[in-house]
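Visitor: take this sequence and fold it.
(chains A, B, C and D)
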Number of protein chains: 2
Amino acid sequence: MAKLLTAIVDDHPIVIEGLKVLLQNEENLEIVGGFYSGSAILTYISTNQVDLILLDITLPDINGIELCQHIKEASISTVVLILSNHTERSIIMQTIQNGASGYLLKNSSIDELRHCISEAVKGNICYSKEVMEIISRPSKNHIQGMPRLTRREKEILALIAAGKTSQVIGQELFLSPLTIDTHRKNLIQKFGVKNVAELIMAATQQQIL
Amino acid sequence: MAKLLTAIVDDHPIVIEGLKVLLQNEENLEIVGGFYSGSAILTYISTNQVDLILLDITLPDINGIELCQHIKEASISTVVLILSNHTERSIIMQTIQNGASGYLLKNSSIDELRHCISEAVKGNICYSKEVMEIISRPSKNHIQGMPRLTRREKEILALIAAGKTSQVIGQELFLSPLTIDTHRKNLIQKFGVKNVAELIMAATQQQIL
DNA sequence: ATTAAAATACCTAAAAATCAGTAGAAAAAA
DNA sequence: TTTTTTCTACTGATTTTTAGGTATTTTAAT
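Guide: Okay, the predicted model is just below:
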């Protein structure tokens, strides 16, 4: 089996050199280069074969989330592994959405990196341990003050989330729209938010919706 | 190291017997019993030590999601692994939320089960391959019509989700509030929804927020 | 049986969002 | 370079939500 042609994309030279050293002893892997910008790696892959790209999120010209998409557009078979310090759940999910095969934090162990690389080239998705935690328990940080909702409030919350107005909800539940307005008001107050947009966000983050 | 005292909870006897056979050769594991209902396992753990529970979602008296929570309340150190046929993302996430250490589909290989057990007792979270796919690409089923958003639209969507009005957003981005209204309108149109409540729901379900 | 909580409904007024358009400038892609 | 997309901004009218209350009737809990 041929060696995995691997590129490293990071705006920080230290990271690139560090990864090169860490990976130089891998038998089935060959570093073809380090790149400091999105345009640099895109130019490279347009004329060279690359099997695996270790990609940072923070780059000078384009963010790694979008870059990932461009890479997959240019070369669908190239496996992209994100190596980043960003711990925001939405960033992680977006990279996967855009075709990345995994996500590791930069403090991951070399074992984890090795493991994720092997999983990724097999076509699987692989996260490091911390990332797995972030994905699985998104709300842990957020849920302190989860309000207790009454049955009616939950019911109406769901209908609001479905995009229905107070008028429509009132008709469906055979209630006055003014009653729905009151419930709406109470929901907003209980969650400590200021409008439905924030309300729906809070409710989904707390798995109520 | 003492053997892992393991219980199996499933309403289907065949599954219990099958798992017993599959796991009987594991050196570091001892099956202490099979249980057909939630109340049965809860009664058992109230007087017996159990290290690991393999838990189904569908049970006659209580669903596995809630049962998981009760188990952890009764015995925080007991590791719960879900073994189910349900592929709904929300169910998977809820079990983890309620303290489960992993989720496998019933068609998982014995190797995957073994691997997840060892990860789980180490305190990590572990999913089988298919489950990982479901978690990572939830949208694949849902997102057919996932609209492509421009950079500006994503930015404004996030601010709307934070509960900010067009006026406030306009001030923050040094734009006319009327411009924000236009973006708002375009977002609503692109998602095919009728107001922000539904917009935020759609966006969170598609992991954009 | 009594208290507390939940559900119902209303008022007034201001603020915000939605609908249905148009249209020029800037940036990106072809 | 030309074309297309994105970003910007507006008009005008309508609908809906939000904020500040109050108040009665059901239900549920003690």
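Visitor: let me know the pLDDT of the one residue in chain A that gets nearest to DNA strand C.
Guide: Here chain A gets closest to DNA strand C at one residue, A:Thr150, 2.7 Å apart by Cβ to the nearest atom of the strand. (Glycine included, C-beta is placed from N, CA and C.) Looking at A:Thr150, its pLDDT stands at 84.
Visitor: gap between it and B:Glu130?
Guide: Separation of A:Thr150 from B:Glu130 (Cβ to Cβ, to the nearest Å): 38 Å.
Visitor: so these two - more neighbours on which side?
Guide: B:Glu130 (15 against 12; other Cβ atoms under 10 Å in any protein chain shown).
Visitor: just confirm the more buried one is within a helix.
Guide: Yes: counting by DSSP: H, G, I helix; E, B strand; the rest coil, B:Glu130 is located in a helix.
Visitor: for it, which non-adjacent residue is spatially closest?
Guide: B:Leu105 (5.3 Å; Cβ to Cβ, 6 or more residues apart in numbering or on different chains).
Visitor: now swap in A:Gln167 and tell me
Guide: A:Pro177 (4.8 Å).
Visitor: so what's that neighbour up against?
Guide: By Cβ atoms under 8 Å, 6 or more residues apart in numbering or on different chains, the contact set of A:Pro177 is A:Ser166, A:Gln167, A:Ile169, A:Gly170.
Visitor: quick check: residues of chain A near DNA strand D?
Guide: Taking Cβ under 7 Å from any atom of the strand as the contact definition, chain A meets DNA strand D at A:160, A:165-167, A:181-182, A:184-185, A:188, A:194-197.
Visitor: which one of those residues is nearest to B:Leu29?
Guide: Proximity of these to B:Leu29 (Cβ to Cβ) peaks at A:Ile160, which lies at 48.2 Å.
Visitor: and the closest one, what element?
Guide: helix A:151-161 (DSSP states H and E).
Visitor: one more: A:Met201?
Guide: Using DSSP H and E, the element containing A:Met201 is helix A:196-205.
Visitor: also A:Ile91?
Guide: helix A:89-97.
Visitor: so which elements touch the helix or strand just after that helix?
Guide: Scanning forward in sequence from helix A:89-97, with DSSP H and E defining helices and strands, the next element found is strand A:102-105. With contacts defined as 3 or more Cβ pairs under 8 Å, 6 or more residues apart in numbering or on different chains; DSSP states H and E, strand A:102-105 has these neighbours: strand A:79-84, helix A:89-97, helix A:110-121, strand A:126-127, helix A:129-136.
Visitor: dump the ones you listed into CSV; add mean pLDDT as well.
Guide: Below are the helices and strands packed on strand A:102-105 laid out as CSV (pLDDT from 0 to 100):
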stretch, mean pLDDT
strand A:79-84, 94
helix A:89-97, 79
helix A:110-121, 92
strand A:126-127, 92
helix A:129-136, 86
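Visitor: A:Leu105 pairs with what?
Guide: Beta-bridge pairing for A:Leu105 (DSSP bridges): A:Ser84.
Visitor: which positions in chain A make contact with chain B?
Guide: Proximity of chain A to chain B, by Cβ under 8 Å from any Cβ of the partner chain, involves residues A:90, A:93-94, A:96-97, A:124-125, A:129, A:132-133, A:135-137, A:139, A:160-163, A:165, A:193-201, A:204, A:207, A:209.
Visitor: give me that answer again for 7 Å
Guide: Residues of chain A found near chain B (Cβ under 7 Å from any Cβ of the partner chain) are A:90, A:93, A:96-97, A:124-125, A:129, A:132-133, A:135-137, A:139, A:160-163, A:193-198, A:200-201, A:204, A:207, A:209.
Visitor: just the buried ones from these?
Guide: A:90, A:93, A:96-97, A:125, A:129, A:132-133, A:135-137, A:160-161, A:163, A:193, A:196-198, A:200-201, A:204, A:209 (16 or more other Cβ atoms under 10 Å in any protein chain shown).
Visitor: show me which of the residues of chain A next to DNA strand D is closest to A:Asp56.
Guide: Checking these one by one against A:Asp56 (Cβ to Cβ), the nearest turns out to be A:Ala197, at 32.0 Å.
Visitor: what's the closest non-adjacent residue to the closest one?
Guide: B:Val196 (4.6 Å).
Visitor: from A:Met201, how far off is that neighbour?
Guide: From B:Val196 across to A:Met201, the span is 10 Å (Cβ to Cβ).
Visitor: care to break chain A down by domain?
Guide: Listed domain ranges for chain A are A:4-136, A:151-205 (source: automatic domain parsing).
Visitor: ok now the last one, how far from the chain's centre?
Guide: Right, domain A:151-205. 29 Å (Cα atoms, centre = their mean, to the nearest Å).
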